[in-house]
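Colleague: Fold the following.
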Amino acid sequence: QVQLVESGGGLVQPGGSLRLSCAASGFTLGYYAAGWFRQAPGKEREGVSFSNTDGSTYYADSVKGRFTISRDNAKNTVYLQMNSLEPEDTAVYYCTSSRSFIATMKGHGDYWGQGTQVTVSS
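Modeller: Numbering: from 1, shown residues only. Purely as a prediction, here's the structure:
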């Protein structure tokens with residue numbers, strides 16, 4: 001059964017850090033592009049960061065310098081390290097994956113996780 005399961009969300013104060021994990025099962029993540037979207041209440045879904053199989057990455061301007069995407073192919077998992085968190089980062093974060101990097105970035109991934117809530121508040 002193909003599945004993506006996110007974890008690591010929670011409540012954090014502004015300036016704090018969280019690391020999101022996305023564990024894949026049923027397929028080999030190392031052969032797939034993967035990344036993260038987020039959606040805040042009342043806002044459109046936003047692409048946050050993506051990782052291709054060749055090591056290339058993409059970051060939205062709003063998170064550059066603060067977020068880092070990485071993979072552990074042995075664990076079939078992709079991570080999103082989020083530092084210097086701001087209230088504007090509050091959203092449900094979704095992991096997605098596809099054979100195509102472009103499709104993944106455009107939100108047309110084959111696989112999606114259930115989402116994990118990140119709340120940045122004092």
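Colleague: How many residues are close by residue 50?
Modeller: By other CB atoms under 10 Å, 25 other residues sit near residue 50. Yep, even glycine has a C-beta here, placed from its N, CA and C like the rest.
Colleague: so how far is residue 122 from the spatially most central residue of the chain?
Modeller: The centroid of the chain falls nearest to residue 36 when counting by CA atoms, centre = their mean (2.6 Å). Distance, residue 36 to residue 122, by CB to CB, to the nearest Å: 24 Å.
Colleague: Over to residue 23?
Modeller: Where residue 122 is concerned, residue 23 sits at a distance of 31 Å (CB to CB).
Colleague: Tell me which of these two has more neighbours.
Modeller: A count of neighbours by other CB under 10 Å puts residue 23 above the other of residue 23 and residue 122, at 18 against 8.
Colleague: Next up, the contacts around that one.
Modeller: 4, 5, 7, 75, 76, 77 (CB atoms under 8 Å, 6 or more residues apart in numbering).
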